[in-house]
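Engineer: coords below, sequence missing:
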């Protein structure tokens, strides 16, 4: 039904901008911007990882050996901000940029200039944030949650971190608008909403979450800013304010944020498991509705992050019940993935290994999440290493494993070359073993009574901390292998040439394009063949 | 003197601290090496919490065995290399209803005992005495309301020296490193004690694992909690909310004594306070980090 004007422009659409600067700094191409996001994310992953290694090095033994407590607190704070806003979120946006136009049969993103802008805000935001490390008074050290009054005891870094968060928020909101506009307006004729790949669905819902909650975070941190520099008392009891109100506002952002970092992961895994099971995704519509349910519930569970602040009994019960409910749609997803594998014909290339690793390890993180929902037990778990173990299972072996799965899955489509499969398998097994050595013992530490965010501890906690630190360094070094595999595939181009289908049973529009994918994806809308969709019979 | 006996008791129990024993029912007052699990603690509440924790843990383990079992069975059985031919079905309404309804029932089974425990924990009425706890950067202040006894409690001197960067002192040589204070909170056993908890500067959290809960200490607001300790002993904990550079260095020690001994202790404290009120440690102004 859309008509395309073909005469008012050059016909040579595939010409990339000539100069390096024009190609990479002024680009409005969804693939180039996707690449920029992914490269940025990888750099941030290593910066945040280096901070994690400072933390694990200090915690290797009881006693302070390497850093002062204040610097230790800066490391935990900035590590979290860098990993959440700099590594995980941009990686998913990068994947969305690359894949959504190709998956819905569009030539590019709907708003290409805004796409450029939303990426180029990020390096400036992180330059602001990371510059605080070199400031007098140091980087923010009050935790990534920025709880007042502690967070505003910092010096000028308070202003820097808040402006950095503002910029990241603007970038995320623009990215989300672009994704929604692309999905709702740019689908090829015949690509009905309920025929879209699950990755596109999860990103559509994620984008709405972003638009809903990033402004809430911006409001909360702006109030912190005025409390610190302009004498207001939003969060100061002495001036009639309430420090707990910040926590409520923060987590009203923060809990949907958690799902912003996991819903696209669900989408990725829902693409990969059917491909390597050679069987359609089980329960496509249930997957879509489960994602929507999780997104809705994410708005009414925020106070489970703050059960110990002294809420009334009724409030605690409400947030406990609502939180427990999330287990139902999440369970549906896990069962559907297992059912997809059931009676399939499986092979285990690297993307499938990471996807299977994701399902198992993310589910372990889900179990500890369910335990944390039980308020009386949470009174014991809260702010201990049990929580640290929980959210690293869902974020590292959840979100980050899914991102790695996605990179291996689509890298041949992006570059036209296969990556080194042997090294990819090594990367998977080393990562999976070391990440469990790193995070599993932290459950024990928390249950034994070790609080989180402490630079030093009683020698009773020493044994599992040694194990965790060894695992941490091994996991960190293993990720250099990942960087090498990606560089080897993208730049050295040693691998075999990829076919357009790449994987034996890959289904979806992106696999109808050549590998590497042409600079402009679908300059004419493709014909949608229902049998070529990854989720099979779409009438159910 | 009393404290020494308590320590002896703790050590006798600590001797059992091997990894397997971590799952047994014993009321440890301090963390043990290789400890794997939460301890049941020394109050009815902490034991309820422990039971709840174990119940949910085992439910999760059971679900995990079923789900991962099915997954591994599939991964071993339905491999292309074994000649598996993929099925073509992509939905099964009955199965989907079953695996939506069963989790709901399991959740109801968890919510019921959790609600009961939570209701009991929220009831701070009928307390025999009240202790006010105030968090400071980076120490605690305890005040026995109506008794005119109040004091500061901060990290023991030995640990404070050892914990400095490059101190050269081996933390293993300091007994109860980072879990010992100059003046512990002394409370009677078998007495319902109500705590009112606040802070003077930033948010802290008061946590003694053996009592079964933690509660935030928030400047300008007062939170309530209660405990009734069954066994005399020394119970150790730490601040559990990031509160600045020395967050890791403001431990909590509770010494529970039988009622008569507690009364004697309290009388002693009052007598010491009576002539010279300046013996009461005044709250220093919080310093900026």
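Structural biologist: Everything's here; your move. Remember, it's a predicted structure, so these values are computed and weren't measured experimentally.

Engineer: mind listing the helices for the stretch 101-250 of chain B?
Structural biologist: B:157-162 (DSSP state H, counting those that start in this stretch).

Engineer: And the residue of it that's closest to chain A?
Structural biologist: Going by C-beta to the nearest C-beta, chain A is nearest to residue B:220 of the stretch 101-250 of chain B, at 2.0 Å. Yep, even glycine has a C-beta here, placed from its N, CA and C like the rest.

Engineer: so what's that residue up against?
Structural biologist: Residue B:220 sits next to A:236-238, A:242-243, B:198 when contact means C-beta atoms under 8 Å, 6 or more residues apart in numbering or on different chains.

Engineer: So which of those residues is surrounded by the most neighbours?
Structural biologist: residue A:243 (24 neighbours; other C-beta atoms under 10 Å in any protein chain shown).

Engineer: Just to check, that residue is in contact with residue B:219?
Structural biologist: Yes - contact criterion C-beta atoms under 8 Å: residue A:243 and residue B:219 qualify, at 6.6 Å.

Engineer: Spit out the residues that contact these two alike.
Structural biologist: A:149, A:237, B:203.

Engineer: Hmm, the second one is touching residue B:221, no?
Structural biologist: To tie it back to what came earlier, the one meant is residue A:237. Yes - assessed by C-beta under 8 Å, residue A:237 is found in contact with residue B:221 at 6.4 Å.

Engineer: where do the contact lists of the two overlap?
Structural biologist: Jointly contacting residue A:237 and residue B:221 under the rule C-beta under 8 Å, 6+ apart are residue A:243.

Engineer: Got the confidence number for the residue of the stretch 101-250 of chain B closest to chain A?
Structural biologist: With respect to pLDDT, residue B:220 has a value of 94.

Engineer: residues contacting residue A:289?
Structural biologist: Residues near residue A:289 by C-beta under 8 Å, 6+ apart: residue A:329.

Engineer: Now the spatially most central residue of chain B. Nearest residue, chain neighbours left out?
Structural biologist: Against the mean C-alpha coordinate of chain B, by C-alpha atoms, centre = their mean, the closest residue is residue B:209 at 2.1 Å. Leaving aside its sequence neighbours, residue B:209 sits nearest to residue A:449 (C-beta to C-beta, 6 or more residues apart in numbering or on different chains; 4.5 Å).

Engineer: count of neighbours near that neighbour?
Structural biologist: Residue A:449 has 30 nearby residues by other C-beta under 10 Å.

Engineer: contacting residues for it?
Structural biologist: A:384, B:31, B:209, B:237-238.

Engineer: what are the phi and psi values for it?
Structural biologist: Phi and psi for residue A:449, reported as degrees, to the nearest 10, are phi 110, psi 20.

Engineer: got it, and residue B:36?
Structural biologist: Backbone torsions for residue B:36, taken as degrees, to the nearest 10, come to phi -100, psi -20.

Engineer: from what I can see it touches residue A:446, true?
Structural biologist: No - at 11.0 Å, residue B:36 does not count as touching residue A:446 under the criterion of C-beta under 8 Å.

Engineer: neighbour-wise, which of the two wins?
Structural biologist: Neighbour count, other C-beta under 10 Å: between residue B:36 and residue A:446, residue A:446 has more, with 26 against 17.

Engineer: what about residue B:73, distance to residue A:338?
Structural biologist: Distance, residue B:73 to residue A:338, by C-beta to C-beta, to the nearest Å: 10 Å.

Engineer: before we move on, what about residue B:51?
Structural biologist: Note on residue B:51: its distance to residue A:338, by C-beta to C-beta, is 31 Å.

Engineer: Could you check which of the two is surrounded by more residues?
Structural biologist: residue A:338 (23 against 15).

Engineer: which SSE is the more buried one in?
Structural biologist: helix A:327-341 (DSSP states H and E).

Engineer: Now do the helix or strand just after that helix against helix A:327-341: the angle between them, please.
Structural biologist: Downstream of helix A:327-341, the next assigned helix or strand under DSSP H and E is helix A:350-373. Angle of helix A:350-373 versus helix A:327-341, following axes from the mean of the first three to the mean of the last three C-alpha atoms, to 10 degrees, is 160 degrees.

Engineer: Contacts made by the helix or strand just after helix A:350-373 with the rest, please.
Structural biologist: With elements assigned by DSSP H and E, the helix or strand that comes after helix A:350-373 is helix A:375-381. Residues outside helix A:375-381 that contact it (C-beta under 8 Å, 6+ apart): A:304, A:307-308, A:316-317, A:319-320, A:371-372, A:387, A:446-447, B:38, B:48-49, B:52-53, B:56, B:114, B:117-118, B:121, B:209, B:212-215.

Engineer: Now, these that are in strands?
Structural biologist: Residues of the contacts of helix A:375-381 located in strands (DSSP state E): B:213-215.

Engineer: one step back: what about the helix holding residue A:338 and chain B, any contact?
Structural biologist: Yes - on the criterion C-beta under 8 Å from any C-beta of the partner chain, helix A:327-341 is in touch with chain B at A:327-328, A:331-332, A:334-336, A:338-339, A:341.

Engineer: tally of neighbours for residue B:29?
Structural biologist: Counted with other C-beta under 10 Å, residue B:29 comes out at 26.

Engineer: same thing with the one 10 residues further on?
Structural biologist: Neighbour count for residue B:39, taken as other C-beta under 10 Å: 26.

Engineer: right, and it touches residue B:212 too?
Structural biologist: No - the criterion here is C-beta under 8 Å, and residue B:39 misses it with residue B:212 at 9.7 Å.

Engineer: Give me the common contacts of those two.
Structural biologist: Residues touching both residue B:39 and residue B:212 (C-beta under 8 Å, 6+ apart) are residue B:50.

Engineer: Among the contacts of residue A:449, find the lowest-pLDDT one for me.
Structural biologist: Lowest in pLDDT among these is residue B:31, which has 89.

Engineer: tell me the mean pLDDT for stretch A:31-44?
Structural biologist: The model assigns stretch A:31-44 a mean pLDDT of 97.

Engineer: can you redo the contacts of residue B:220 as CSV with distance to residue A:268?
Structural biologist: Putting those into CSV (distance: C-beta to C-beta, whole Å) gives the following:
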residue, distance to residue A:268
A:236, 43
A:237, 45
A:238, 48
A:242, 40
A:243, 38
B:198, 47
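
Engineer: in the chain, which segments are predicted with low confidence?
Structural biologist: Assuming you mean chain A. A:1-15, A:536-540 (pLDDT under 70).

Engineer: wait, chain B
Structural biologist: B:1-28, B:275-289.

Engineer: Go again with 50.
Structural biologist: The model of chain B has pLDDT under 50 over residues B:1-27, B:277, B:279-280, B:288-289.

Engineer: residue boundaries of the strands in it?
Structural biologist: B:129-136, B:139-144, B:149-153, B:185-188, B:193-199, B:204-208, B:213-217, B:223-227, B:233-239, B:251-257.

Engineer: Using TSV, lay out those together with distance to residue A:66.
Structural biologist: Below are these laid out as TSV (distance: least, C-beta to C-beta, whole Å):
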stretch	distance to residue A:66
strand B:129-136	28
strand B:139-144	26
strand B:149-153	29
strand B:185-188	33
strand B:193-199	30
strand B:204-208	26
strand B:213-217	29
strand B:223-227	36
strand B:233-239	21
strand B:251-257	22
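
Engineer: Out of the ones you listed, flag the one nearest residue A:185.
Structural biologist: With C-beta to C-beta as the criterion, residue A:185 lies closest to strand B:213-217 of those, at 47.2 Å.
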